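Undergrad: one predicted model, sequence on top.
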Amino acid sequence: MVFKSFFVVLFFVVTIFAKWGEPPAGWDDFKFGVVDGNRSPFKAALSDAVSAGIQVDYSYIYITTLADIEGFLFAPWFNYATSRPGDVKPSITIYMLQQGQDSPDGSSALTSAADASYMKKYFEGVAQIADSCKGTNPIYVIEPDVWGYLLAQNQPSLSDKNLKKICHINDLGLSWLSEFDNTMDNLPAAIIKTLKTVDPGCYAGILMAHWGFPDDIAGATADGEMSGEYISKMLKEPYRGDFIGIEKNGTDAGCWGTGSSWYWSDSKNEAYLAWCKALGQKVDLPLFGWQISIGYTDQAGYDPLPNSSGRYEDTYFQYFFTHVDDFIKAGFIGFDASCNNQGQGTWPALKSGEGDNGWFYDNLKVFNKARPYDLNLSGSFVKSGKSLAQKGALNVLGITSGVIRVSAGIPLIGVKLYSPSGKLLRSVDVEDSKEISVPMNGLSKGIYYLSASLKDGGTVSRKVSF
């Protein structure tokens, strides 16, 4: 494996980054991604959708082995990140820790973690992926299933034991990992720091799988809080990530069989949202849905799905498209949709007789008409983009003569400028002004973050590039 060297910077998290009810800095709308897999029929369908003018923000793909990096996705002759159609950005599922074994008892992940030679190659591989995707604002979903497997079916004594088992991190000769202990509970933070060090413009988070929860709201809420308490043991400051990943199941309901418990009713979906919200609030991170199965049942205007390879029924997105506000209020900021399991998941097509008969993209077009979506539930973070005219939003008036001029709908008393890694670079305080000029001299071109203090006691933040 050819490892591309990079400059290591110190990474700090400041208050402008994500927490529950507030999207990460620069995340200015609800993001929708679909599975790509760099293979048919997904790849062609995505290109056709983009050509038809349908907004798709991301496409996602798995990296399951170290060999995938250069042999499949980031070879000298091909870069998945920069080969997306239109404005579609890459979302990468890092799934290399189990080396293709996928052991529900966690043993495959623990075996890899105890192998120093493999873990050095693993971190170098993660850094190479980040370097290959740099500049595209990628989303990374980190090692789904692993953290749930280590939960050990909610056996506290065993799960805590798993988290303290050996994981080679600080003894690999990789300088940016020196601060971490060599234990499994330090691994998520070490991966996130690696990604953010190479590419501060990326988004990253681990995933907490549920694999079942009580059907009632109270029970689902309690179960979500319990899961949040567990996963919090692996969310180390300041490398907690930008979101907590959430899934449904890797296989569509129709593939499980008619009458399966995966045919979620509205009440089951409501309980799911209660579980998700409780989890998100417990870990204080937004929710990002990953590998969410698409499909429909008994949908007027569309032929029934035959429950055969690539064309299975499901109820999840039928519920979502009629309950968008409920998902946002639960803390969701986006989805990677459609199952990656080839043959067991339904793929989004554009016309009848293929995949889902065009149902998903038809609904996505309607969803897109209402953009941008306000993901701010707490009122302390204002997104950039089309919403900048609202009262209290931070607006960039211009960047000239070595200064950036900013204003807000109400008076400002100060502005701070941060690097993408969270380092404070400039601070300007005033008594009362509708406009503040922040000196930019000596700074290289790139992405920065502004955080302004308002006279009424609030703060607003946004990303800026020059």
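TA: Yep, that arrived.
Undergrad: which of the three states applies to K282?
TA: Applying DSSP: H, G, I helix; E, B strand; the rest coil to K282 yields a three-state assignment of helix.
Undergrad: tell me which residues touch it, please.
TA: For K282, the contact set (C-beta atoms under 8 Å, 6 or more residues apart in numbering) comprises G224, E225, S227, G228, E229, S232. Just so you know, the C-beta spots here come from the backbone N, C-alpha and C atoms, and that holds for glycine as well.
Undergrad: can you tell me the SS state at G414?
TA: Classified using three-state DSSP, G414 is strand.
Undergrad: ditto for S407
TA: Put simply, S407 is strand when judged by three-state DSSP.
Undergrad: quick one: neighbours of the nearest residue to it once chain neighbours are set aside, just the number.
TA: In space, and not counting its chain neighbours, S407 is closest to E435: 4.5 Å by C-beta to C-beta, 6 or more residues apart in numbering. Burial of E435 is recorded as 13 neighbouring residues (other C-beta atoms under 10 Å).
Undergrad: buried residues of the helix or strand containing E435, list them for me.
TA: Assigned by DSSP states H and E, E435 belongs to strand 424-439. For strand 424-439, the neighbour count (16 or more other C-beta atoms under 10 Å) marks R426, V428, S433, I436, S437, V438 as buried.
Undergrad: quick check, distance from stretch 327-346 to the centre of its chain.
TA: Relative to its parent chain, stretch 327-346 has a centroid offset of 11 Å by C-alpha atoms, centre = their mean, to the nearest Å.
Undergrad: quick one: buried residues of it?
TA: 327-328, 330-341, 344-346.
Undergrad: ditto for stretch 173-180
TA: L174, W176, L177, F180.
Undergrad: same deal with stretch 283-302?
TA: 283-296, 299.
Undergrad: now do stretch 348-359
TA: P348, A349, L350, G355, D356, N357, G358, W359.
Undergrad: ok, so of the buried residues of stretch 173-180, who is nearest S407?
TA: W176 (38.0 Å; C-beta to C-beta).
Undergrad: quick one: least confident of the buried residues of strand 424-439?
TA: When the buried residues of strand 424-439 are compared by pLDDT, S433 scores lowest at 80.
Undergrad: now for it: which residues touch it?
TA: P411, L412, I413.
Undergrad: so what's the second one up against?
TA: L412 sits next to V406, V430, D432, S433, K434, E435, I436, A452, S453, L454, K455 when contact means C-beta under 8 Å, 6+ apart.
Undergrad: could you export these as JSON lines, including distance to W264?
TA: Compiled in JSON lines, the contacts of L412 are given as follows (distance: C-beta to C-beta, whole Å):
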{"residue": "V406", "distance to W264": "46"}
{"residue": "V430", "distance to W264": "53"}
{"residue": "D432", "distance to W264": "53"}
{"residue": "S433", "distance to W264": "52"}
{"residue": "K434", "distance to W264": "50"}
{"residue": "E435", "distance to W264": "51"}
{"residue": "I436", "distance to W264": "50"}
{"residue": "A452", "distance to W264": "43"}
{"residue": "S453", "distance to W264": "45"}
{"residue": "L454", "distance to W264": "43"}
{"residue": "K455", "distance to W264": "48"}
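Undergrad: tell me which two of the buried residues of strand 424-439 sit farthest apart.
TA: Greatest spatial distance among those (C-beta to C-beta): R426 and S433, at 15.8 Å.
Undergrad: filter the contacts of K282 down to the buried ones and hand me the ChimeraX line.
TA: Per 16+ other C-beta under 10 Å, the buried members of the contacts of K282 correspond to this ChimeraX selection:
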select :224,227,228,232
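Undergrad: kind regards, and thank you for your time.
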